[in-house]
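1. Could you look at this predicted model? Sequence included:
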Amino acid sequence: MEFNFKDIASVSLILFSVIDILGSIPIIIDLRKKNNGELKALQATIVSGILMVAFLFLGQEILSLFGLDVASFAIAGGLIMFLLGLEMVLGIDFFKSDPETSHSTVVPLAFPLIAGAGTMTTLISLRAEYSQASVLISVLINLIVIYAVLRASKWIDKKLGATGKAVLRKVFGIILLAISIKLIKTNIILG
């Protein structure tokens, strides 16, 4: 296994920008609030990691098995992100939490926010350009950052205050809407 630190740094930064865990803080805070203060940080991180690694190795094959292409998958993920953005901007709840399920914060947190269509299509692209070892190490680095942000979300929530959360929620909601529209538009053109 060959370690190229420049490649690891490049791939880590690419994944970090695509995953955008810092931009997801308002959604994470909302999910925590919807689930009575509960957020399964370790579970969401592990599920995200499994999804990313599985898609790294089997992404094209999984999509082909269902007769899907990457563009269709990206459009579906974009639609889910669009609904999350609408929730943030308009205050409408599309994703209801079920108190009887223990994985209620994993969806939509692990998928589509962390290991969503953008992340998965990026992994397919990275696999073609970088070594698997570099991509795997970069996924692990990003999972550590994701876990740290998820664990610190209660502290971040307290530091922001009600006004800070409201402003951050609206701003990142609009950004999420724009990202989802770009993802959908780009993949409609490609598809």
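-> On my side now, so go ahead.

2. what's the strand or helix carrying residue 171 packed up against?
-> Assigned by DSSP states H and E, residue 171 belongs to helix 132-190. Packing partners of helix 132-190 (3 or more C-beta pairs under 8 Å, 6 or more residues apart in numbering; DSSP states H and E): helix 5-19, helix 25-34, helix 41-65, helix 70-90, helix 117-129. (Glycine included, C-beta is placed from N, CA and C.)

3. Tabulate these in CSV, adding columns for mean pLDDT, mean neighbour count and distance to residue 106.
-> Shown next, in CSV, are these (pLDDT from 0 to 100; neighbours: other C-beta atoms under 10 Å; distance: least, C-beta to C-beta, whole Å):
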stretch, mean pLDDT, mean neighbour count, distance to residue 106
helix 5-19, 90, 17, 16
helix 25-34, 84, 21, 10
helix 41-65, 92, 17, 5
helix 70-90, 81, 19, 14
helix 117-129, 82, 19, 15
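
4. Out of those helices, which gets nearest to residue 184?
-> helix 70-90 (4.0 Å; C-beta to C-beta).

5. What is that closest one packed up against?
-> By 3+ C-beta pairs under 8 Å, 6+ apart, helix 70-90 packs against helix 25-34, helix 41-65, helix 117-129, helix 132-190.

6. Run through the residues that contact the closest residue to residue 160 other than its chain neighbours.
-> Spatially, and ignoring its direct neighbours in sequence, residue 160 is nearest to residue 168 (6.4 Å; C-beta to C-beta, 6 or more residues apart in numbering). Contacts of residue 168 were listed using C-beta atoms under 8 Å, 6 or more residues apart in numbering, and they are 25, 26, 160.

7. can you rerun that using 10 Å?
-> By C-beta atoms under 10 Å, 6 or more residues apart in numbering, the contact list for residue 168 reads 23, 25, 26, 29, 88, 156, 160.

8. returning to what we had before: okay if I get the helices and strands packed on helix 70-90 as CSV plus distance to residue 92?
-> Formatted as CSV, the helices and strands packed on helix 70-90 follow (distance: least, C-beta to C-beta, whole Å):
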stretch, distance to residue 92
helix 25-34, 12
helix 41-65, 23
helix 117-129, 22
helix 132-190, 11
